[in-house]
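> Coordinates for the following, if possible.
(3 chains)
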Amino acid sequence: MTGRRVAVIAGGVVLLALLPELRLTIPGVLPGPTSSAGSLQLLAVCLLIGALAVTYDLLFGLAGLLSFGHALFFGTGCYVFALAVERWHLPLLVAALFTLAVGSATALVVGAVSLRVRDISFAMVTLAFAQAGSLLVYRNFGGYTGGEEGLGLSGTRLPGWLVGVGNTKNLYWLALAIAVLVYAKVVWVSRTRAGRMMAAVRENDLRVQVIGVRPYVVRLMAFVASGALATMVGMGYVLVAGGANPQVTTPAFTLSLLVMVVLGGAGALWGAMLGGVLYTLLDQRLAVLASSSAITSLPAVLRVPLSQPLFLLGTLFVLVVLFLPGGLAGALRRFRHHRAAARGLAIEPAPAAAEDEARVA
Amino acid sequence: MNILSVRGLDAFIGGQQILHDVGFDVAGRGVTALLGRNGVGKTTTLKAVLGLVRRRGEVLLDGVRIDGDRTHRIVARGVGYVPEDREIFARLTVAENLELAARTDHPDRQLVDRLFPELGERARQAAGTLSGGQQQMVALARVLQNENRLLLVDEPTKGLAPRVVGEVADAIALAAQRVPVLLVEQDLRVVTRLARDVVVMAEGRVVHTGPAPELLADRDLVQRLLGVHRRTAA
Amino acid sequence: MSTVVLLTVTGLGLGGLYFLVASGLSLIYGLMRVLNFAHGAFLTLGAYVGYQAGRHVGGGASWSAFTVMLIVGTATGALLALLTELLLVRRLYERVIEQVLVTVGVGLGLVALVNGTWGADARPFPAPAWMGRTTTMLGARIPNNRLVCIAVAGAVLVGLLALLNRTHHGLIIRAGVENRTMVSALGIDVQRSFTAVFVIGGAAAGLGGVLAALYNGSVTPGMGDSLLIFAFIVVVIGGLGSISGSAVAALVVALLQQFTNYYGVSGLGDFVVVLALAGVLLVRPAGLFGRAA
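Coordinates of the predicted model:
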């Protein structure tokens, strides 16, 4: 990462950290000024889903593993943490460590089993596991999960600074911290030897086999790392959202992660973060926009599609896949390359060649 | 007039460049043998002509550029392809394999029956249950039943028993009386018997072209270009 | 005993539904290597548009209305599949991941349209009165709509097998499932078969949608996606690209589900089926009848 890019990202993080103290308004996008609880809540969710998208990009973009089961680990983070705090009365830190352990173990087991097959079969096995998990949650076996209602966090078991509308900015900072941590961790992994092997294995097993490493082990590492990180994000999410809801365990949710990563640009980690944030913003705000008078007064032919966030997101997604390969990150990379070429400079290699290398932030 | 001309052909598999600026001609009659050690890009060259791999450069069939066409269009122009490892459809019967490949309603069944009488008896047999030699016959028959302007044949004698090698060579010789053939072959006895011209490749490039007898007579050249463990002409 | 008969026949009916959805998926994957995530949406729209059309024929509870529903549902599925393949999937030739992604987007968008047009709540599905009655077979009282599902699915199975085994185009498809590159190398335009297979799959899905609505007694926006998961499971267990494999797997999965749900805990059946998928994949990655991918 160039020094300039580090500076940009650091600056961005500082700005984000300061947001609760500023009164910036972005009408149409945020429900209120950035110091308001509503906006902070929204931004916190965006940051966490963005972080989750980054963990998925580690799996899909870097290691090339199309998994349909990622929701399983996020859901595990949500539900196990909620149970640990609400039902089993564990102190916060112990609950967090316990949840992380459970999430990592689940990832290890699921990964060990699923990675024995490749490509589409792998995708289907992960789908099966996630579906099984989702079924467990929805059917409320043993009364643990609250079924369709989800598991609320009553707040009585949480430290004061995490509870209450007035403390939304603490939750926001927690979300920001988690997002920064997860992003940094994934970038770091991608630059280690393990990370480069994951990128190598995405293209061709032989490239690691010739140095005596088993592709299975490399993929398993990627799977466990991304699963564990997803669990962590899940814990943050359940705090911010005030409870665990079963929708996040569904294969449909994993599909939305896939959409986010592709929109932002698979393999460009900051792209995944951006994709996650944008998707969540669109999803939340379009729903509000849809009920506004501007839309409801339209004739049905226009109103129906425009009032459905998923229709717009689905269409946008199709357009990106068709016309903007590499997502937003890819488009930006090509734009910068053209600008540099126009100035007669060669700042970075042509985007096509860059795509062949291991992609890093 | 050359039936096939290749100019400046680069080809890529995965991200790797396999062929570098390959250029040669195939005469409008007889067998042109494409030779070289393992891995130099002979099969890739045939695939590149057909558009089965990503490639750049010019490919002309009888003076007409075909490098912009999709594979099935190139084949429909009259290019018959017998791939390495045969690639017949194992779950289909012999008759179905032939039917599938017939480019018109009246394929030359007589020729097929004459060249490969065994196939007639096994028409309803699943092609996957045939021996290697019989599968090779199916692979040849399905192409020879059509009217072709050029045949691309890739290592047809690979892994076959000596008697069958002879039969396959006979079939190709017969076909070559009417249609020019570009033949990839490792077995120099077959090459000696069939080839008029040779094109020799090394490391993705063409290193030698010329009449076959000249090359084959020059033991040192053969050794240098094709390596020691080739079965040379007696 | 009568319970066993009832469970079996109901299982066969459910299996018929699974087969209708799975058959298309299996062919599409077998020939094109594309996991069609829009397939559930084809089913859902087939059901809804068929439902809407049937209601215009005297309220929808007559045999003529039901016939209209079947035809319209099938046509809707076929048309959506045609548009999806021609406009979207075809442009991404040889880019399989992107093709899968595009079907995800289409699936999301289509279901959202259904939500917007008809609302998210389940609507009761009108059917001829006979459907709601039962027929006594071997001491069990079988709901007639299950029998209709079995009959239609059976007819489609026979038709598909005939298409594949007795027509020239079916020959191309069977060969393409084995080795589509070689089919091109024999001078055949495989892309046309891609379209054909997509359309056939879409038609079967649309038809399946109407029958699923009949089976459940209602239409809901989520009906396609919940069936889609089971269809994927059936396709993988039965072997990608194999119609007879899908048929057998559909029956096995449905029967397993029915019996486990009844004799075990409700909901356990779904879980067991999912585990069966993982099990089969690990032991025989090509599925029961499949060729190695």
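> Tell me the pLDDT of the residue in the stretch 101-250 of chain A positioned nearest to chain B.
Residue of the stretch 101-250 of chain A nearest chain B, by Cβ to the nearest Cβ: residue A:204 (6.9 Å). The way it works is simple: take the backbone N, C-alpha and C, and place the C-beta from them, glycine included. Residue A:204 carries a pLDDT value of 77.
> Check which helices and strands the helix or strand bottoming out on mean pLDDT in chain C sits against.
Of all helical and strand segments in chain C, the minimum by mean pLDDT, DSSP states H and E falls on helix C:268-283, at a mean of 80. Judged by 3 or more Cβ pairs under 8 Å, 6 or more residues apart in numbering or on different chains; DSSP states H and E, helix C:268-283 is in contact with helix A:92-114, helix A:119-139, helix C:223-238, helix C:243-263.
> got the phi/psi numbers for residue B:61?
phi -110, psi 110 (degrees, to the nearest 10).
> and the residue nearest to residue C:261 when sequence neighbours are not counted, what does it touch?
Using Cβ to Cβ, 6 or more residues apart in numbering or on different chains and skipping residues adjacent in sequence, the residue nearest residue C:261 is residue C:269, 3.5 Å away. Each residue near residue C:269 by Cβ atoms under 8 Å, 6 or more residues apart in numbering or on different chains is listed here: C:256-262.
> and with 10 Å instead?
Contact analysis of residue C:269 by Cβ atoms under 10 Å, 6 or more residues apart in numbering or on different chains lists C:253-263.
> Could you check how far it is from chain A?
10 Å (Cβ to the nearest Cβ, to the nearest Å).
> Hmm, residue B:13 and the residue of the stretch 101-250 of chain A closest to chain B touching each other?
No: using Cβ atoms under 10 Å, residue A:204 makes no contact with residue B:13, being 11.2 Å away.
> Quick check: neighbours shared by the two?
Counting by Cβ under 10 Å, 6+ apart, nothing touches both residue A:204 and residue B:13.
> Pretty sure residue A:227 sits against residue A:65.
No: here residue A:227 does not reach residue A:65: they are 11.2 Å apart, not a contact under Cβ under 10 Å.
> What is the burial count for residue B:173?
14 (other Cβ atoms under 10 Å in any protein chain shown).
> ditto for residue B:95
Quick note: residue B:95 (other Cβ under 10 Å) scores 15 neighbours.
> That one is in contact with residue B:107, isn't it?
No: using Cβ under 10 Å, residue B:95 makes no contact with residue B:107, being 11.7 Å away.
> just to revisit the earlier point, run through the residues that contact the residue of the stretch 101-250 of chain A closest to chain B.
Contacts of residue A:204 by Cβ under 10 Å, 6+ apart are A:215, B:14-16.
> That one and chain C, how far apart?
Residue A:204 is 16 Å from chain C, by Cβ to the nearest Cβ.
> Kindly provide the distance from residue C:223 to residue C:2.
Counting by Cβ to Cβ, to the nearest Å, the separation of residue C:223 from residue C:2 is 29 Å.
> more crowded one of those two?
More crowded of residue C:223 and residue C:2, by other Cβ under 10 Å: residue C:223, with 23 against 13.
> didn't that one look like it was pressed against residue C:209?
Yes: using Cβ under 10 Å, residue C:223 is in contact with residue C:209, at 7.3 Å.
> Common neighbours of these two, please.
With Cβ under 10 Å, 6+ apart as the test, residue C:223 and residue C:209 both reach C:40, C:43-44, C:47-48.
> can you list the weak-confidence ranges in chain C?
Applying pLDDT under 70 to chain C flags the ranges C:59-60, C:287-293.
> who does the one helix or strand residue B:23 maps to touch, helix- and strand-wise?
Using DSSP states H and E, residue B:23 maps to strand B:16-27. Secondary-structure packing of strand B:16-27 (3 or more Cβ pairs under 10 Å, 6 or more residues apart in numbering or on different chains; DSSP states H and E): strand B:2-13, strand B:31-35, helix B:42-50, strand B:54-61, strand B:181-184, strand B:195-202, strand B:205-211.
> how about CSV for those, with mean neighbour count added?
Below are these laid out as CSV (neighbours: other Cβ atoms under 10 Å in any protein chain shown):
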stretch, mean neighbour count
strand B:2-13, 18
strand B:31-35, 26
helix B:42-50, 24
strand B:54-61, 18
strand B:181-184, 25
strand B:195-202, 22
strand B:205-211, 15
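> and for the worst-scoring helix or strand of chain B on mean pLDDT, what are the contacting residues?
Every helix and strand of chain B was ranked by mean pLDDT, DSSP H and E. The lowest is helix B:219-226, at a mean of 85. With contacts defined as Cβ under 10 Å, 6+ apart, helix B:219-226 is touched by B:35-37, B:40, B:186, B:188, B:191, B:198, B:200-202, B:207-208, B:210, B:214-216, B:218, B:228, B:230, B:232-233.
> quick revisit: check the offset of the least confident helix or strand of chain C from the chain's centre.
19 Å (Cα atoms, centre = their mean, to the nearest Å).
> Could I get the buried residue list for that helix?
For helix C:268-283, a neighbour-count test (16 or more other Cβ atoms under 10 Å in any protein chain shown) marks C:268-274, C:276-278, C:280-281 as buried.
> From those, pick the one nearest chain B.
residue C:280 (21.0 Å).
> Isn't the closest one up against residue C:235?
No: under the criterion of Cβ under 10 Å, residue C:280 is not in contact with residue C:235, lying 11.4 Å apart.
> ok, back up a step: so the least confident helix or strand of chain B versus strand B:195-202, what angle?
Calculated by axes from the mean of the first three to the mean of the last three Cα atoms, to 10 degrees, helix B:219-226 forms an angle of 50 degrees with strand B:195-202.
> May I have helix B:219-226 as CSV, with CA atoms only?
C-alpha atoms of helix B:219-226 as CSV (Å, rounded to 0.1, in the frame of the first residue of the first chain):
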residue,chain,number,x,y,z
ARG,B,219,19.4,-38.2,-38.6
ASP,B,220,21.2,-35.4,-36.8
LEU,B,221,18.5,-32.9,-37.5
VAL,B,222,15.8,-35.3,-36.4
GLN,B,223,17.7,-36.0,-33.2
ARG,B,224,18.2,-32.3,-32.5
LEU,B,225,14.6,-31.2,-33.2
LEU,B,226,12.7,-34.2,-32.0
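> need the residues of the stretch 101-250 of chain C near chain B, please.
C:165, C:168, C:171-172, C:174-179, C:181-192, C:242 (Cβ under 10 Å from any Cβ of the partner chain).
> switch the cut-off to 7 Å
C:171-172, C:174-175, C:178-179, C:181-182, C:184-189 (Cβ under 7 Å from any Cβ of the partner chain).
> In JSON lines, list the residues you listed along with neighbour count.
Converted to JSON lines, those look like this (neighbours: other Cβ under 10 Å):
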{"residue": "C:171", "neighbour count": "20"}
{"residue": "C:172", "neighbour count": "23"}
{"residue": "C:174", "neighbour count": "23"}
{"residue": "C:175", "neighbour count": "25"}
{"residue": "C:178", "neighbour count": "19"}
{"residue": "C:179", "neighbour count": "16"}
{"residue": "C:181", "neighbour count": "14"}
{"residue": "C:182", "neighbour count": "22"}
{"residue": "C:184", "neighbour count": "23"}
{"residue": "C:185", "neighbour count": "27"}
{"residue": "C:186", "neighbour count": "25"}
{"residue": "C:187", "neighbour count": "22"}
{"residue": "C:188", "neighbour count": "23"}
{"residue": "C:189", "neighbour count": "15"}
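> No further questions, thank you.
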